[in-house]
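In: Based on what follows, work out the 3D shape:
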Amino acid sequence: MKTVGFIGLGNMGGPMAANLVKAGYRVFGFDLHWEAQERLTEAGGVVAATVAGAVSDADVVVSMLPAGKHVRSVYTGPDGVIANAPKGALLIDSSTIDVDSARAVAEAAKAAGMLMVDAPVSGGVGGAAAGTLTFMVGGEAEAFERAKPILSAMGKNIIHAGGAGTGQAAKICNNMILGISMVAVSEAFVLAERLGLDAQKLFDISSTSSGQCWSLTSYCPVPGPVATSPANRDYQPGFAAQMMLKDLKLAQEAAQSSGAATPLGAQAAALYAMFCNSGHADMDFSGIVKYLRGDA
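Out: Next up is the predicted model:
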């Protein structure tokens, strides 16, 4: 039985760790919050008191952390993963962070003789619980092949994006598309309301014509047309607006450092910043329709 050290047991990491337990892995987890620790214990995992304790006997280390600074600290600090995990351990970071941090930590792992992949996810809390996440994986081919069985226990689609950092690049590009398209779909429904066009009629037309996109057909921002969308639950978050803003900011940082022109991405980031700053950071990101309508 392989042993997994799992660092970060929050809304995403907790269900992912639980799915590894279900798949037969021995999971030692670390998190600063007692609620997250309790959830791992209930799922059949073992809570470690420190990062070092979670990874000291691990064949594989998985992390799900808030930002690049946390990933750098957890992996490269004196009490961190690289200093305390066995030399043959495979390292998998599933956080969504900046590309530069992902590549810096991968270089540190390589210098220590360890294989590492950046493997951010798409699918939200529901996908984490159901084990249907999509993993966008950056790293060497050997590391990707070793990571696939672990990732397959937590997700449905495992895609090798390329070398170190390309998993993060894929994630922020994908979520920039998502953020822009959600704003566009929301604007269309607000305009339809003002013009007297029924929301269901707009959905029926656009979902089968050139306006079709995931933000419309899978995550429609108005109640009614898509039963599973957060719009039917008063915009309780599947993917919170503050998380969308985080990803849009990462995309803008990457665009600036690489010299790419992303004017729509910049505008989407500005709109989500205003939405979050108006007191709705914890609302689902599809709730941007309320802000555009003037309700938020």
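
In: and the lowest-mean-pLDDT helix or strand in the chain, what other elements does it pack with?
Out: Lowest on mean pLDDT, DSSP states H and E among the helices and strands of the chain sits helix 124-130, with a mean of 91. Helices and strands touching helix 124-130, by 3 or more Cβ pairs under 8 Å, 6 or more residues apart in numbering; DSSP states H and E, are helix 13-22. Glycine gets a C-beta too; all of them are placed from N, C-alpha and C.

In: Partner strands of the following helix or strand past the helix it packs on, with direction?
Out: Counting by DSSP states H and E, the next helix or strand C-terminal to helix 13-22 is strand 26-30. Strand 26-30 has the following sheet partners, assigned by DSSP bridges: strand 3-7 (parallel), strand 46-47 (parallel).

In: tilt between strand 26-30 and helix 13-22?
Out: Relative orientation of strand 26-30 versus helix 13-22 (axes from the mean of the first three to the mean of the last three Cα atoms, to 10 degrees): 160 degrees.

In: Output strand 26-30 as PDB - backbone C-alpha positions only.
Out: What follows is strand 26-30, C-alpha atoms only, in PDB (Å, rounded to 0.1, in the frame of the first residue of the first chain):
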ATOM      1  CA  ARG A  26      -2.500   5.300   3.200                       C
ATOM      2  CA  VAL A  27      -2.900   9.100   3.700                       C
ATOM      3  CA  PHE A  28      -1.100  11.200   6.200                       C
ATOM      4  CA  GLY A  29      -2.500  14.800   6.100                       C
ATOM      5  CA  PHE A  30      -1.500  18.200   7.400                       C
END
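
In: ok, back up a step: winner for burial among the strands paired with strand 26-30?
Out: Burial of these is given as mean neighbour count (mean count of other Cβ atoms under 10 Å); strand 3-7 ranks first at a mean of 27.

In: quick one on the thing from earlier: following the chain past the least confident helix or strand of the chain, name the next helix or strand.
Out: Where DSSP H and E defines the elements, the next helix or strand beyond helix 124-130 is strand 133-138.

In: State whether V183 is indeed within a strand.
Out: No. Secondary structure of V183, determined by DSSP: H, G, I helix; E, B strand; the rest coil: helix, with no strand assignment.

In: Excluding chain neighbours, what is closest to it?
Out: Leaving aside its sequence neighbours, V183 sits nearest to A268 (Cβ to Cβ, 6 or more residues apart in numbering; 5.3 Å).

In: Check S73 too.
Out: For S73, ignoring the flanking residues on the chain, the nearest one in space by Cβ to Cβ, 6+ apart is G80 at 6.8 Å.

In: Does the one you found touch V71 like I think?
Out: No. G80 lies out of contact with V71 (Cβ atoms under 8 Å); the separation is 9.8 Å.

In: what sits against the nearest residue to T166 once chain neighbours are set aside?
Out: In space, and not counting its chain neighbours, T166 is closest to G138: 3.9 Å by Cβ to Cβ, 6+ apart. Neighbour list for G138: 102, 106, 117-119, 161-170 [criterion: Cβ atoms under 8 Å, 6 or more residues apart in numbering].

In: about what we covered before: can you redo the strands paired with strand 26-30 as TSV with distance to G196 and mean pLDDT?
Out: Below are the strands paired with strand 26-30 laid out as TSV (distance: least, Cβ to Cβ, whole Å; pLDDT from 0 to 100):
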stretch	distance to G196	mean pLDDT
strand 3-7	52	98
strand 46-47	57	97
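
In: Lovely, talk soon.
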